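In: need the 3D shape of this:
(one chain, ligands or ions: 2)
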Amino acid sequence: MLLSVENLIVKYGNIQALHGISFDVDEGEIVTLIGANGAGKTTSLYSITRLPPPEAPRVISGDIKYKGQSILKTSPDSVVKDLKMALVPEGRHIFGNMTVMENLILATYSREKDADLESEYKRIFKLFPRLEERKDQRSESLSGGEQQMLAVGRALMTGCNFILLDEPSMGLAPVLKYELFRTLKQLNEEGMTILLIEQNASLALHLAHRGYVLDTGEIVAQGSSESLMNDPKVKKAYLGG
Ligand SMILES: Nc1ncnc2c1ncn2[C@@H]1O[C@H](COP(=O)(O)OP(=O)(O)OP(=O)(O)O)[C@@H](O)[C@H]1O
Ligand SMILES: [Mg+2]
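Out: Ligands and ions are numbered 1, 2, ... in the order given. You can find the predicted model right below:
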């Protein structure tokens with residue numbers, strides 16, 4: 001397994017957010033974690049990438065392994081640089097007063113000196129032509145959907161081969177949602193491993209190979225996307241009947 005989360009218990013102060021969850025992602029897969037508000041989706045991602053939210057979640061017990069080795073003590077920097085995992089956080093967090101291009105350039109800070117960045121910018125502009133049209137525009141003036149594309153493009157510029165996305169469809173018009181999900185599928189076909197967190201279970205299960213359903217800090221269902229889509233309980237609670 002590329003990534004395995006094992007019996008993870010996580011707290012914020014005295015509040016227990018994850019009650020011993022386990023899930024894994026293999027190389028080349030698209031795996032989704034679905035669940036309602038407060039289920040523990042973002043907490044699961046932050047536990048893996050450890051990018052600091054104001055109050056970081058604390059791992060009480062369990063383990064997170066990358067290729068079989070615990071990464072609980074790996075620095076957030078090293079998760080990006082050495083393990084080549086990149087987070088697209090909830091709410092995007094792009095630098096609004098910088099241009100599209102400056103945001104992309106900033107993401108390359110940890111790259112090797114000989115990385116062929118030019119061809120990667122080209123690749124991102126090919127995936128998201130809107131970003132190329134707007135590359136000198138201040139990012140705060142992009143539409144919500146364009147900002148989401150920039151957040152994905154920025155993650156790609158870290159040179160990652162594993163991308164973790166926190167509700168990328170949030171706030172996007174249907175057309176942009178489908179466009180973004182098509183791009184994720186294309187990235188996966190080119191070899192990118194994807195862990196996708198979504199409240200939009202239908203969209204997520206149509207894209208992913210496998211999924212897990214998270215409910216108040218526990219995994220309550222798991223399996224192939226097809227089996228989850230046909231599971232009466234999942235249908236009723238997450239797919240509108
Ligand atoms: N910084 C924090 N301090 C205290 N409790 C927190 C903190 N962040 C999250 N929690 C709690 O942990 C639980 C899981 O939250 P989390 O953000 O992981 O949910 P989520 O599944 O991402 O929800 P959403 O779909 O609303 O983004 C919730 O009960 C939440 O209130
Ligand atoms: Mg969340």
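
In: can you map out the helices along the chain?
Out: 41-49, 76-81, 100-106, 117-127, 129-133, 144-156, 174-189, 201-207, 225-229, 232-238 (DSSP state H).

In: so which of these comes closest to ligand 1?
Out: helix 41-49 (3.2 Å; C-beta to the nearest ligand atom). Yep, even glycine has a C-beta here, placed from its N, CA and C like the rest.

In: who's in contact with the closest one?
Out: The set of residues external to helix 41-49 that reach it, using C-beta atoms under 8 Å, 6 or more residues apart in numbering, is 3, 5, 8, 10, 12, 17-18, 21, 23, 33-35, 53, 56-57, 59, 64, 71, 76, 79, 85, 87, 90, 164, 166-167, 195, 197-199, 214.

In: now with 7 Å, please.
Out: When contacts are defined by C-beta atoms under 7 Å, 6 or more residues apart in numbering, helix 41-49 is touched by residues 8, 10, 17-18, 21, 33, 35, 53, 57, 59, 64, 76, 79, 85, 87, 90, 164, 166, 197, 214.

In: do you know the pLDDT at the closest residue to residue 127 other than its chain neighbours?
Out: Among residues not flanking residue 127 along the chain, residue 183 sits closest, at 5.3 Å (C-beta to C-beta, 6 or more residues apart in numbering). Model confidence at residue 183, given as pLDDT, is 91.

In: circling back: which among the helices of the chain is found nearest to ligand 2?
Out: Ligand 2 lies closest to helix 41-49 among the helices of the chain, at 3.1 Å (C-beta to the ion).

In: is the most centrally placed residue in the chain bridged to anything, and to what?
Out: The chain has residue 165 as the residue nearest its centroid, 1.6 Å off, counting by C-alpha atoms, centre = their mean. For residue 165, the beta-bridge assignment (DSSP bridges) gives partners residue 88, residue 196.
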